[in-house]
Structures are given as structure tokens and as C-alpha cells.
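Chemist: I would like the atomic coordinates for the input below:
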Amino acid sequence: VQLQASGGGLVQSGGSLRLSCVASDFTLDYYGIGWFRQAPGKEREEVSCISNSDDNTYYLNSVKGRFTISRDNAKNTVFLQMNNLKPEDTAVYYCATSVACFDESDVNEFWGQGTLVTVSS
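Modeler: Prediction:
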């Protein structure tokens, strides 16, 4: 099971990026997928998640209204559209499988490598 995250880069404050999480060797729509980020010196936090059963979406409060998670099953890909980016969004972003979005019981078994998002002020 492999996940590959991509789409990070350097963008000015207020700009946009779209991250992609592509699955190989398995069908992505069998899983919920979460996006996480970790900034230097800070703990990892979950930013967004899309469930596998009903495609419900979940967001960290600080990104609500700016980030949108979606999946394209034909492409076996989950996207994270990030708009109106802020310097505090700067972090390495990771995608991971999820069994219970934004729940304490969640298990994130498989992880992609990180993709760096840098937002300049």
C-alpha cells in the first residue's frame, strides 16, 4: 500500500495550492483519507479528512472556508484545495488512510511522504 502526496510549493499569502494524494496498489475509495500537517517545532495536526462510507468531510477550524477536500475515484486520488493561504499554513503536509475521521479512535495505518507548503507574507 503506497500513498504519494504532491503539489506543495512556495506561494504568497492569499494564494492557492492543490495537493494530491495518489494511491497505488489499492483502491483509494475503500478508505477514508486525512490530510495532516506539521510545522517546524509544532505537533502534527489533522487538517482535513474525507470519509470512505459517505464522503463526509471534516476540517480543522482554522482552515474551514479556505480548504476543500475531495476525491476522484477514477483517478484514485484525494485532493486538498487550499485557498487564501496564510503564513501560518506553512508546514509539511501528509496524507494518510483513516478509519474514523477526526475521531480519537482513528487509526492512520498508511502514510504518504510529505509535501512542503511554504506561504510567504
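Chemist: Tell me which residue is most central in the protein.
Modeler: Closest residue to the average C-alpha location of the chain: residue 35 at 2.4 Å, with C-alpha atoms, centre = their mean.
Chemist: helices and strands around the particular helix or strand that has that one in it, which ones?
Modeler: If you go by DSSP states H and E, residue 35 is part of strand 32-38. Applying 3 or more C-beta pairs under 8 Å, 6 or more residues apart in numbering; DSSP states H and E, we find strand 32-38 packed against strand 17-24, strand 45-50, strand 67-72, strand 77-82, strand 91-98. Yep, even glycine has a C-beta here, placed from its N, CA and C like the rest.
Chemist: Hmm, residue 67 and residue 50 touching each other?
Modeler: No. Judged on C-beta atoms under 8 Å, residue 50 makes no contact with residue 67 at a distance of 11.5 Å.
Chemist: Quick check, residue 37 in contact with residue 62.
Modeler: No. With contacts counted by C-beta under 8 Å, residue 37 stays clear of residue 62, the gap being 10.7 Å.
Chemist: the more surrounded of those two?
Modeler: residue 37 (23 against 13; other C-beta atoms under 10 Å).
Chemist: For the more buried one, give me its contacts.
Modeler: 44-45, 47, 89, 91-94, 117 (C-beta atoms under 8 Å, 6 or more residues apart in numbering).
Chemist: one more time with 7 Å, if that's ok
Modeler: 45, 47, 91-93 (C-beta atoms under 7 Å, 6 or more residues apart in numbering).
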